[in-house]
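Participant: Pasted the sequence and its predicted model underneath.
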Amino acid sequence: MKRMAATALAILALTTPSHAEVPAALVCSLHGAVAAVLKPDGTIERKDINDTMSLTIAAIDLEKKSAQVINNADAAPAYAFQSETGLNIMEVTPTRNINLLTVMLVNQGSSHPAAYSRHIFDPIIGGMVSQYYGACEDRT
């Protein structure tokens, strides 16, 4: 049993990517996939999203765990941290909703796969969740 555990740990050590270099800035093009409205009466309305969202992530500073999210409407501070396979940017909106961008820094080039999740609550409409996918370009 100890031998199996040691072998599994050795395999994980070989296959788990090391921390990739994090760019100072990224420009992301994300395509809508799916959304849902969670209505106050408990019903769920699922929708396909056919739009594209552009985000710029600037001033990425892992020591301060900070970044700036810039979209077409405004700029907002965000929390930035690195995982074994990528960069996570968590934005807490002024109404305390959460948006999360994960950029998978697995490619050697300047383009990286990305996923973006938005979790929004509005007291009149209800909860709104959406998922986008695409790529972020290194703008260092």
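Facilitator: Structure received.
Participant: Centroid-nearest residue for the protein?
Facilitator: residue 101 (1.4 Å; Cα atoms, centre = their mean).
Participant: can I assume that one sits in a helix?
Facilitator: No. Checked against DSSP: H, G, I helix; E, B strand; the rest coil, residue 101 lies outside a helix; its state is strand.
Participant: Nearest residue to it in space, please, no chain neighbours.
Facilitator: Leaving aside its sequence neighbours, residue 101 sits nearest to residue 89 (Cβ to Cβ, 6 or more residues apart in numbering; 4.4 Å). C-betas here are computed from N, CA, C, even on glycine.
Participant: Now for the closest residue to residue 38 other than its chain neighbours, how many residues are close by?
Facilitator: Closest residue to residue 38 apart from its sequence neighbours, by Cβ to Cβ, 6+ apart: residue 127 at 3.5 Å. Using other Cβ atoms under 10 Å, the number of residues around residue 127 comes to 15.
Participant: Read off the pLDDT value for residue 127.
Facilitator: For residue 127, the pLDDT comes out at 90.
Participant: What residues does it make contact with?
Facilitator: 37, 38, 119, 120, 121 (Cβ atoms under 8 Å, 6 or more residues apart in numbering).
Participant: strands paired with the helix or strand the third one falls within, and their directions?
Facilitator: Yep, that's residue 119 we're talking about. Assigned by DSSP states H and E, residue 119 falls within strand 111-122. If you go by DSSP bridges, strand 111-122 pairs up with strand 98-104 (antiparallel), strand 126-138 (antiparallel).
Participant: which residues touch that strand?
Facilitator: 26, 28, 30, 53, 55, 86, 93, 95, 97-107, 127-138.
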